[in-house]
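Chemist: below is the sequence, then the predicted model.
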Amino acid sequence: MAFLLRRIAFYVAAFLVAATFNFLLPRLLPGDPVETMFAQSGTALPPESMAALRATFGFIDQPLPLQYGRYLASVFTWDLGLSIKFHPLTVNEVLWRALPWTLLLVLTSSLIAFSVGSLAGVAAAWRRGGRFDSFGAPAALMMQAVPPLVTSLVALYVFAIEFKILPTGFAWGAELDPGWNFAFMASVAQHAILPVTTLALAQIGGYLITMRNSMINLLGEDYIVLGTAKGLGDARLRFAYAGLNALLPAMTSFAMTLGAVFGGSLITEIVFNYPGLGYTLFQGIAARDYPLIQGQLLIMTLAMLGANFIADLLTLALDPRLRA
Amino acid sequence: MRTILKTLLRNRKAAFGAAIVGLFLALAAAAPLLAPYAPNQRAAKPHEPPSTEHVLGSTRMGRDVLSQTIHGGRTSLLVGFAAGLIVTVIGVGIGVTAGYFGGRVDEALNLLTNISLVIPNLPLMLVLAAFLGQTSPFVIAAIIGLTSWGWGARVVRAQTLSLRQRDYVLAAELLGEPAWRVITIELVPNLISIIGFNFIGSVLYAVITEATLEFLGLGDPMALSWGTMLYHAQTTSALRVGAWWEVVAPSLALAIFGSGLSLINFGIDEIANPRLRSLRIPKALRAAFAK
């Protein structure tokens, strides 16, 4: 319990840092912060929306600490202001509309990469020095060095433009109405193949290496030797004895790399015109829609914290030493 | 230093990686001599496919893609190494300080490190870059450097904590050596493999991130780098009109350079942790065991 409380306090502090960053940045830059933030809104917003927007971001006629308090109040009541690009929608509405698509890409690709990468890592460590290990491990590492930007562009060209096997963009066929029916779901799945695969490819190497290295370190342990001496089967030693324990570091890196996967997803979505956070953000950046750009930092931070919290719970379940 | 390099190059993967990185550095250094055309010269018709005259074709603006790739490497590599250096210096500074002094200092710095790790990097950089306007490559290097030191700090701290317990550190302290001397003379040299690993990894990360930020339209479009090449290719829909060469050239450059860096790191990892080495067992021996 103490462990979890400490973690939660940490997450609140981390979120506060992200919010403070948003608050301070426009105020630290030279020039009038209100001008900087809402320069693009000019004619787009009616005066009363402008006034509301100022209040949300703490641009009130008060000293700085009170402005800060006003801004934190907006953030913690989850009022992120109005989007300038997507007026009259609020930032909240724009982001919530986009988030499920990003989550779909991030979670599916992470799960695929985690399973495939970890299993491959176990295989590489089990026969280290073997053919798979000598070529697979470096190849996986090199794969990781290829930016998602590059893989997505190549995949888009080869599969969607040149061979026309898969759609070039968007999340579902234009002729369909969104709904929980088979035709729509199938179309969603088909549109997700390329983005999910490119995202997964970028991650597999990381899991393979983490798993391989932590497993190799475990294989020298006495309890493995004992297991072998007892005559346990290969599969049992490989998965239940070494694999399960090697999973712990892989789990931690699962949560930590999620931030990078979100980043990768932003890029992949832009290449494939996929209607998630990244694509929305891309339009926001082009229009210098600062409330939207700041809002995505908060929502992404929240997603990261959530993922880390889940990892904490799983670690707690896997590692009895923490439950004392 | 020399022995370190020698050990590193004796590892086949590291040597191969170093050759790739060295080749790219040489290309960037000698760009004006090697590139067949000036990078911004209208040397061809728009979107000319690869030919003997233009080995990698031309862009929408009729610029020679090969020349642009060679010249663009200068900016990309410079930003990569500069940002990598910033990341490493900050990371090592914070990590060693936290690990050496311990107590309150450690708690505060460790909290800072963990917070920086849990706030997603790219979204944070997007906010920074968007507010700073059309950012020059060097501002991008600074942004990357200032936001991405968390991993390095964490790893260096952990290693410092364990080195701190060694007798020779205690001996130096008992001799009355000041803290800065213990850190620079006793600790840092023993962290060299971790620092090197961190530096190479940071350069790789910085090169990719710079390209990404520029691709997103947050860079200075007048600067020439692999990232802005991809940005221009995207805004002129190069892929959709079939001009694949405009995308492939900077992509390949990024991918090959990145692979070179990661091979070096693979080598460092194997040298620092011999267990990870994938030893090739002699055939005769393997056959004997198989029976």
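Modeler: Done, it's in. Numbers count the residues shown, from 1 in each chain, chains lettered A, B, ... in the order given.
Chemist: low-scoring stretches of chain A, by residue?
Modeler: Where chain A drops to pLDDT under 70, the residues are A:35-36, A:39-45, A:174-176, A:324.
Chemist: can you tell me the centre-most residue of it?
Modeler: What sits nearest the mean C-alpha location of chain A, by C-alpha atoms, centre = their mean, is A:F262, with 2.7 Å.
Chemist: please identify the helix or strand for that residue.
Modeler: Secondary structure assigned from DSSP states H and E places A:F262 in helix A:244-271.
Chemist: now do A:A9
Modeler: When elements are assigned from DSSP H and E, A:A9 belongs to helix A:2-28.
Chemist: and that helix, which residues are buried?
Modeler: Judged by neighbour count (16 or more other C-beta atoms under 10 Å in any protein chain shown), helix A:2-28 contains these buried residues: A:7, A:10-11, A:14-15, A:17-19, A:21-23, A:25-27. Heads up, the C-betas are built off the backbone N, CA and C, glycines and all.
Chemist: kindly reformat these as a markdown table and extend each row with distance to chain B.
Modeler: Listed next are the buried residues of helix A:2-28 as a markdown table, based on distance: C-beta to the nearest C-beta, whole Å:
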| residue | distance to chain B |
| --- | --- |
| A:R7 | 10 |
| A:F10 | 7 |
| A:Y11 | 8 |
| A:A14 | 5 |
| A:F15 | 9 |
| A:V17 | 5 |
| A:A18 | 5 |
| A:A19 | 11 |
| A:F21 | 7 |
| A:N22 | 7 |
| A:F23 | 12 |
| A:L25 | 5 |
| A:P26 | 7 |
| A:R27 | 11 |
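Chemist: can you redo those residues as a markdown table with distance to A:T210?
Modeler: A markdown table is the format used below for those (distance: C-beta to C-beta, whole Å):
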| residue | distance to A:T210 |
| --- | --- |
| A:R7 | 22 |
| A:F10 | 23 |
| A:Y11 | 24 |
| A:A14 | 23 |
| A:F15 | 27 |
| A:V17 | 27 |
| A:A18 | 27 |
| A:A19 | 32 |
| A:F21 | 30 |
| A:N22 | 33 |
| A:F23 | 36 |
| A:L25 | 34 |
| A:P26 | 39 |
| A:R27 | 41 |
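Chemist: re earlier: just the buried positions in the very next helix or strand once past the helix holding A:F262, please.
Modeler: Note on helix A:244-271: by DSSP H and E, the next helix or strand toward the C-terminus is helix A:277-286. With burial defined by 16+ other C-beta under 10 Å, the residues of helix A:277-286 counted as buried are A:277-282, A:284-285.
Chemist: next one: stretch B:48-55
Modeler: By neighbour count with 16+ other C-beta under 10 Å, stretch B:48-55 contains the buried residues B:48, B:50, B:54.
Chemist: let me know the secondary structure of the last one.
Modeler: The reference is to B:H54. Following DSSP: H, G, I helix; E, B strand; the rest coil, the label given to B:H54 is coil.
Chemist: give me phi/psi at it?
Modeler: phi -120, psi 90 (degrees, to the nearest 10).
Chemist: verify the stated contact: it with B:L66.
Modeler: Yes. A contact is recorded between B:H54 and B:L66 when judged using C-beta atoms under 8 Å, the distance being 7.0 Å.
Chemist: need the residues touching each of those two.
Modeler: Here B:H54 and B:L66 have no joint contacts, going by C-beta atoms under 8 Å, 6 or more residues apart in numbering or on different chains.
Chemist: so which bits of the stretch 51-200 of chain B are right by chain A?
Modeler: By the criterion of C-beta under 8 Å from any C-beta of the partner chain, the positions of the stretch 51-200 of chain B lying close to chain A are B:111, B:114-115, B:117-124, B:126-128, B:130-132.
Chemist: any of the residues you listed buried? List them.
Modeler: Those of these that meet the buried threshold are B:114-115, B:117-124, B:126-128, B:130-132, by 16+ other C-beta under 10 Å.
Chemist: which residue does the stretch 151-291 of chain B bring closest to chain A?
Modeler: The shortest separation between the stretch 151-291 of chain B and chain A is 3.4 Å, found at B:G258 (distances taken as C-beta to the nearest C-beta).
Chemist: need the helices for the stretch 101-250 of chain A, in chain order.
Modeler: A:131-145, A:148-155, A:182-219, A:222-230, A:234-235, A:244-271 (DSSP state H, counting those that start in this stretch).
Chemist: what helix or strand is the residue nearest to the spatial centre of chain B on?
Modeler: What sits nearest the mean C-alpha location of chain B, by C-alpha atoms, centre = their mean, is B:V203, with 1.4 Å. With elements taken from DSSP H and E, the one containing B:V203 is helix B:192-215.
Chemist: residues in contact with the residue in the stretch 201-324 of chain A positioned nearest to chain B?
Modeler: Across the stretch 201-324 of chain A, no residue is closer to chain B than A:G263, which sits at 3.3 Å (C-beta to the nearest C-beta). The contact partners of A:G263, taken as C-beta under 8 Å, 6+ apart, are B:120-123, B:212.
Chemist: ok, B:R74 next?
Modeler: Remark: with contacts taken as C-beta under 8 Å, 6+ apart, B:R74 is in contact with B:28, B:31.
Chemist: what's the helix or strand for it?
Modeler: Assessed by DSSP H and E, B:R74 sits inside helix B:65-101.
Chemist: and that helix, what's buried?
Modeler: When neighbours are counted by 16+ other C-beta under 10 Å, the buried residues of helix B:65-101 are found to be B:65-88, B:90-100.
Chemist: packing partners for the helix holding B:V203?
Modeler: The contact analysis (3 or more C-beta pairs under 8 Å, 6 or more residues apart in numbering or on different chains; DSSP states H and E) places helix B:192-215 against helix A:148-155, helix A:244-271, helix B:65-101, helix B:121-132, helix B:137-147, helix B:150-164, helix B:226-235, helix B:244-272.
Chemist: now with 7 Å?
Modeler: In this structure, helix B:192-215 packs against helix A:148-155, helix B:65-101, helix B:137-147, helix B:150-164, helix B:226-235, helix B:244-272, with contacts taken as 3 or more C-beta pairs under 7 Å, 6 or more residues apart in numbering or on different chains; DSSP states H and E.
Chemist: if we can go back for a sec, between the buried residues of stretch B:48-55, which sits nearest chain A?
Modeler: Set against chain A, the nearest of these by C-beta to the nearest C-beta is B:P50 (15.0 Å).
Chemist: double-check that the closest one belongs to a strand.
Modeler: No. The assignment for B:P50, made by three-state DSSP, is coil rather than a strand.
Chemist: pretty sure B:L66 contacts B:E53?
Modeler: No. Under the criterion of C-beta atoms under 7 Å, B:L66 is not in contact with B:E53, lying 10.5 Å apart.
Chemist: nearest to chain A: which residue in the stretch 101-250 of chain B?
Modeler: When distances are taken as C-beta to the nearest C-beta, the stretch 101-250 of chain B reaches nearest to chain A at B:L122, 3.3 Å away.
Chemist: interface residues of the stretch 51-200 of chain A facing chain B?
Modeler: Listed as neighbours of chain B in the stretch 51-200 of chain A under the rule C-beta under 7 Å from any C-beta of the partner chain: A:128-129, A:133-134, A:137-138, A:141-142, A:144-147, A:149-150, A:153-154, A:156-157, A:161.
Chemist: mind doing that once more with 8 Å?
Modeler: With C-beta under 8 Å from any C-beta as the criterion, the stretch 51-200 of chain A comes near chain B at residues A:128-130, A:133-134, A:137-138, A:141-142, A:144-147, A:149-150, A:153-154, A:156-157, A:161-162, A:168.
Chemist: can you pull the contacts of residue 223?
Modeler: All of this is about chain A. A:Y241.
Chemist: you looked at the wrong chain, it should be chain B
Modeler: Contacts of B:A223 were listed using C-beta under 8 Å, 6+ apart, and they are B:75, B:136-137, B:214.
Chemist: farthest-apart pair in those residues, please.
Modeler: Pairwise distances among the contacts of B:A223 were taken by C-beta to C-beta; the largest, 10.7 Å, belongs to B:S136 and B:E214.
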